[in-house]
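Peer 1: sequence and computational prediction follow.
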Amino acid sequence: MQRSAVFSIPLGVGVANSYENYLLIPKIYKSMFYYWTPEDSLLELNPQKVIFPEHNAYAHSQGDLTTASSQTPLAKLTSYDLEYLAPDLFKLLENSAFDIDIIYDLMRERLATGEQPQEIACRWLKNHEARWREWIPDPTLCIRGFGLYDEKAESFSTSRASASTCKACLPGTYSKLFKEDWGSTYVCEECSAGSQQPAAGEVSCNPCPAGTFKEVASTEDCASCPAGYYQNDTGAETCKKCPNGTTTILLRATLFSDCVCLAGTIDVGPGAEVQCVPCGEGLSCPDGSTVEGLKGRRNGPSAVAEVMPGYFSWLTRPTEIFKCLGTHCPGGPPGACEGGRLGPTCHDCAAGMYWADEECRTCEVSMVAAWIVGPFVLLLVMITAYYVTEDRYKARAALRECATIGGDMLLAFLQNLGILSLVSVPLPETLNMLFEWSSLFVLNLRSLGFSCTVRDGMQQYVISSISFLIVVVAFPLLGYVTQFCSCMRNRGWNWRFYKTICVTGKFLQSCFTLMCNIGLAPFMCFRHPNGSRSIFRYPNTFCGSAEHGTMQLFGVLVLVLSFTHFILCCWASWKAPTWSLQSPERIRGIGFFIGNFRPSTWWFGLISLARGPLLSLPVVLSPNVPGIQLALMLCVLLVSFTWQLWFLPWKAPVLNLVDAVSTGLFLILLAISLHLESAVEGSLSFLDSFGAGVYFLSLGIIGCVCILALVLAVWQRFCAAKRKKLMPSIINLGPVREAEEILEILLVIVASLESQDGNQREALLRTA
C-alpha cells in the first residue's frame with residue numbers, strides 16, 4: 001500500500017477466496033499478482049517482474065516498505081552427513097548449476113507437450129552432455145575423512161592408480177593428505193602404536209588414554225593394561241609392570257598406587273609404601289588386602305582382608321592371629337567375639353559373669369552360695385559312700401551290684417565323651433551342645449558358674465587338681481576320726497581300715513580317667529597361627545607363661561597320684577590270688593578293683609584303668625591335628641573293645657553286652673567326629689541327626705539296664721518266690737540249670753569214668 005501511494009499506482013487490493021480463483025483471476029484480468037519462481041502455474045502469461053528500488057534494510061526496520069523486499073537466498077540443501085556417506089553425489093550436487101531461464105524453458109516444454117518432468121529432464125541431459133560432464137567429480141579426488149578405495153579388491157588403497165573411488169575411513173584408521181604431481185587426495189592409514197581412533201571418517205588418531213597401551217600400528221583399539229600392570233602416561237606402547245608380589249585389582253590401572261598385594265598376602269607397609277607379607281592361617285586376604293583395611297579403614301576399591309571364622313586378633317595387632325576352640329569367634333573385623341566373651345580366644349566372660357546358653361550371664365548370689373556349700377556336700381557324699389559301699393567279693397553279680405556296676409560304666413562312658421569333646425572338630429549344632437554337656441564330667445565347669453567364684457583359669461585348674469589330693473587324704477582322715485568317737489564305735493559306725501582303703505580306691509578307680517585327663521591338661525598345648533601356644537582347656541592361658549608353669553606343677557602331682565594308684569592296682573592284681581587264700585581282709589581292701597569282674601578275669605580292671613590316660617594322650621601327642629587325635633583314640637577303643645569281647649570280664653553277661661554295645665556306639669561317634677574334621681557343608685545335617693541319635697542310644701542302653709536292675713532288685717526283695725526265675729532270664733541272658741540237675745550230670749560223668757579205661761576216660765573228660 002505504501003508503494004502504490006508513493007509511486008502513484010492506481011491499485012485495488014483483492015484476495016482470492018480459493019486457490020483455483022487465485023490462478024484464474026490473472027488469466028481473466030490484466031492485473032498485478034504475487035508470485036514466486038520457478039513456478040509453471042501462470043507461466044503461459046509470461047509474467048514480468050515489477051522492479052522496485054533496491055532493498056533498504058534500515059527503512060524496512062523502521063516500517064518504511066517503499067523499497068523492494070529482501071532477496072530470498074537460494075541454497076542447495078542436503079543431509080548433514082551426505083558429504084561423508086556419498087561424497088561423489090555431494091560433489092555432483094555442489095558442482096551442478098542451472099540458469100532460471102533454462103528452468104522456465106523446460107517448464108514451458110512440459111506445458112506444451114504434456115510430458116512428465118522426468119522425461120523432459122532426461123532429454124535435456126542427453127542433449128547437453130558437454131555442460132553437465134564437468135559437474136561429475138573425480139572419484140579418486142577424496143576429501144578429508146575419506147581415503148582411496150579399490151572396489152574390486154574391496155580394500156583401501158594407498159595409490160590413486162589402483163583406486164576406483166573414495167570411502168570414509170573406518171574406525172582404527174585416519175584420513176591422511178596424499179600429494180602427487182597432479183594434485184592431492186586423501187588415503188586411509190592405520191593408527192600408529194600408542195594411538196587409536198574409535199570413530200569413522202576422522203583425520204587423526206588419538207593417543208591411548210592412561211591405563212591402556214598399543215604395541216604396533218593396527219586398526220585395533222588400545223588394550224587395557226592387564227592385571228599386574230599399570231600406565232600413568234598417554235600414548236603408551238606398553239604398560240609398566242607392578243613390583244614383584246603385587247598386582248592390580250582392576251584392569252586399566254593408571255597409577256603406581258594401584259599396585260596392591262597379591263591374594264594371600266597383606267600390605268603392612270607404612271604410608272604409601274607397599275610391603276607385602278604372607279597372611280598365614282586365620283586370615284582371608286584377597287587381592288589388595290591392607291592392614292588398614294583389616295582394621296576397617298577402607299581406602300579406594302581395594303578388597304578388605306578379614307579374620308576367618310574360628311580365629312581372633314586384636315585391633316591393635318590385627319595380623320597376630322589366635323585360634324579359637326569352638327564357635328565363639330565369628331571372624332570379620334579384629335576384636336570380634338560372640339556372646340560377650342573376652343580374651344584372645346574368646347573363652348572367658350567378664351568379671352562377675354559366667355557362660356550359659358550361648359552368652360555371658362551375670363553371676364547370681366545363689367550360684368556363688370552353691371559353690372561355697374559344695375565342699376560340705378562333697379564331704380557328706382564321701383561319708384555316705386563309705387556306708388553304702390559293698391566290700392565283699394561275690395562270684396556272681398546280684399541285681400543291686402549290677403545296678404552299681406552299670407552306674408560305674410555310665411560314669412566312665414561320660415568321662416570318655418568328655419575327653420572326646422576336647423578334640424577341636426567343627427561339630428554341628430546339636431552334637432556340639434551334647435559334647436559341651438559331656439565335658440562337665442571332665443570338670444569343664446564353666447556353664448555351672450565356676451568362674452563366679454574363681455575367675456582366673458590357673459586358679460580354677462589348681463583347685464580342680466588339688467581337690468583329688470584333698471579327697472584322697474580326707475578318706476583316711478575321716479576313718480581316723482571315727483576311731484576316736486565313742487558313740488560311733490559303740491554303734492559300730494567306726495570306719496574299718498580295709499573298707500576305708502576300698503572306698504578310697506573306689507573313688508580313685510571311678511575318677512582315674514578324669515584324673516589322668518586333668519593331670520595331662522597343662523601338657524595339651526595347641527599352636528596359634530602367630531606361633532604362640534595355648535592350653536586346650538584354658539585357651540587364654542599361654543604355654544610357657546608363669547601360670548602355665550604352676551599348672552604343670554599341679555598337673556604332675558595329679559599324674560603322680562594317678563600313676564601311684566595304677567602301680568598299686570598292678571601290685572594288688574598280682575597279689576590277689578595269694579591274698580584270697582591267706583588274707584581275705586586284704587581282698588576286701590581291693591574289692592573296688594576286682595569286685596566288678598569274674599574270678600577268672602579279676603585283673604581286667606587294669607585294662608579299664610589304662611584306657612583312660614591312653615584316650616587323653618593323643619591330644620598331648622598331636623595337639624594341632626584333630627584327625628590324628630581321633631585316629632589314635634579309635635585305635636585305643638578298638639584294642640580295648642577286642643580285649644573285652646575276648647575275655648568277657650564282667651560278672652553278668654548282660655554287663656558284657658552293655659559294655660560291648662556302648663563301646664561300639666562310642667566308636668561310631670569317633671568315626672563321625674573323624675569325618676567331620678574335614679566334612680563338607682552338605683553332610684553336616686545328616687551327621688548331626690545321626691550323631692545325636694547314637695549319643696542318646698549309647699546313654700539310653702546303659703541307663704535302661706541300670707534302671708531295670710534297680711527295679712528288679714526291688715521286685716526281687718518283695719517277691720522272693722520269683723527270684724529264681726528273674727535272675728536267669730534277665731541277668732544271665734538265658735536259663736541257668738538248677739543245682740540238682742548239674743549234680744545229676746556230674747554223677748553220671750563220674751559213673752561213666754569209673755567204668756571206662758584210661759584212654760576212654762580222657763576222651764570223655766575232654767568231651768565233658
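Peer 2: The structure has been received and is ready for your questions.

Peer 1: those helices in the stretch 601-750 of the chain, which residues are they?
Peer 2: 605-621, 626-647, 653-676, 681-718, 723-726, 739-754 (DSSP state H, counting those that start in this stretch).

Peer 1: what does the stretch 1-150 of the chain give?
Peer 2: Using DSSP H, counting those that start in this stretch, the helices of the stretch 1-150 of the chain run over 2-6, 19-28, 57-61, 82-85, 87-95, 100-113, 117-127, 129-132.

Peer 1: list the buried residues in the second one.
Peer 2: Buried residues in helix 19-28, defined by neighbour count with 16 or more other Cβ atoms under 10 Å: residue 26. C-betas here are computed from N, CA, C, even on glycine.

Peer 1: same question for that helix, mean pLDDT?
Peer 2: Taken as a whole, helix 19-28 has a mean pLDDT of 90.

Peer 1: what sits up against it?
Peer 2: Contacting residues not belonging to helix 19-28 are listed as 14, 16, 31, 33, 41-42, 45, 47 [Cβ atoms under 8 Å, 6 or more residues apart in numbering].

Peer 1: from the chain's centre, how far out does that helix sit?
Peer 2: 93 Å (Cα atoms, centre = their mean, to the nearest Å).

Peer 1: nearest to residue 144, of the contacts of helix 19-28?
Peer 2: Set against residue 144, the nearest of the contacts of helix 19-28 by Cβ to Cβ is residue 41 (43.7 Å).

Peer 1: without its sequence neighbours, what residue ends up closest to that closest one?
Peer 2: Nearest non-adjacent residue to residue 41, counting by Cβ to Cβ, 6 or more residues apart in numbering: residue 23, 5.5 Å away.

Peer 1: how much space separates the one you found from residue 43?
Peer 2: Residue 23 is 11 Å from residue 43, where distance means Cβ to Cβ, to the nearest Å.

Peer 1: likewise for residue 138?
Peer 2: As judged by Cβ to Cβ, residue 138 and residue 43 stand 38 Å apart.

Peer 1: same deal with residue 350?
Peer 2: Separation of residue 350 from residue 43 (Cβ to Cβ): 110 Å.

Peer 1: neighbour-wise, which of the two wins?
Peer 2: Taking other Cβ atoms under 10 Å, residue 350 and residue 43 do not tie; residue 43 has more neighbours (16 against 13).

Peer 1: correct me, but that one touches residue 108?
Peer 2: Yes - with contact defined as Cβ atoms under 8 Å, residue 43 reaches residue 108; the gap is 6.2 Å.

Peer 1: so what sits against both of the two?
Peer 2: Residues touching both residue 43 and residue 108 (Cβ under 8 Å, 6+ apart): none.

Peer 1: where in the stretch 251-400 of the chain is pLDDT low?
Peer 2: Scanning the stretch 251-400 of the chain for pLDDT under 70 picks out 271-272, 297-303, 391, 395, 397.

Peer 1: show me the strands in it, by range?
Peer 2: With strands called from DSSP state E, counting those that start in this stretch, the stretch 251-400 of the chain shows them at 259-261, 265-267, 276-278, 283-284, 306-307, 311-312, 322-323, 353-356, 359-362.

Peer 1: same check, this time on the stretch 101-250 of the chain
Peer 2: Counting by DSSP E, counting those that start in this stretch, the stretch 101-250 of the chain has strands at residues 146-150, 155-156, 165-168, 173-180, 183-190, 195-196, 206-207, 212-213, 223-224, 229-230, 240-241, 246-248.

Peer 1: re the thing from before, quick one: closest of the helices of the stretch 1-150 of the chain to residue 322.
Peer 2: Residue 322 lies closest to helix 82-85 among the helices of the stretch 1-150 of the chain, at 70.3 Å (Cβ to Cβ).

Peer 1: tell me the helices and strands packed up against the closest one.
Peer 2: Under the contact criterion of 3 or more Cβ pairs under 8 Å, 6 or more residues apart in numbering; DSSP states H and E, helix 82-85 touches helix 87-95.

Peer 1: average model confidence for the helix it packs on?
Peer 2: Rounded mean pLDDT across helix 87-95 is 84.

Peer 1: tell me the confidence at residue 733?
Peer 2: The predicted local confidence for residue 733 is 60.

Peer 1: if you could redo that for residue 53, that was the one I meant.
Peer 2: Reading off the model, residue 53 has pLDDT 88.

Peer 1: look up how far residue 470 lies from it.
Peer 2: For residue 53, the distance to residue 470 (Cβ to Cβ) stands at 137 Å.

Peer 1: and residue 706, by the same measure?
Peer 2: In terms of Cβ to Cβ, residue 706 sits 29 Å off from residue 470.

Peer 1: now render the strands of the stretch 251-400 of the chain as CSV, adding distance to residue 346.
Peer 2: Output for the strands of the stretch 251-400 of the chain, formatted as CSV (distance: least, Cβ to Cβ, whole Å):
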stretch, distance to residue 346
strand 259-261, 28
strand 265-267, 22
strand 276-278, 24
strand 283-284, 17
strand 306-307, 11
strand 311-312, 6
strand 322-323, 9
strand 353-356, 10
strand 359-362, 10
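
Peer 1: now those in JSON lines, with distance to residue 618 and mean neighbour count?
Peer 2: Below are the strands of the stretch 251-400 of the chain laid out as JSON lines (distance: least, Cβ to Cβ, whole Å; neighbours: other Cβ atoms under 10 Å):
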{"stretch": "strand 259-261", "distance to residue 618": "39", "mean neighbour count": "25"}
{"stretch": "strand 265-267", "distance to residue 618": "34", "mean neighbour count": "24"}
{"stretch": "strand 276-278", "distance to residue 618": "30", "mean neighbour count": "17"}
{"stretch": "strand 283-284", "distance to residue 618": "28", "mean neighbour count": "21"}
{"stretch": "strand 306-307", "distance to residue 618": "29", "mean neighbour count": "22"}
{"stretch": "strand 311-312", "distance to residue 618": "23", "mean neighbour count": "25"}
{"stretch": "strand 322-323", "distance to residue 618": "18", "mean neighbour count": "23"}
{"stretch": "strand 353-356", "distance to residue 618": "26", "mean neighbour count": "20"}
{"stretch": "strand 359-362", "distance to residue 618": "31", "mean neighbour count": "15"}
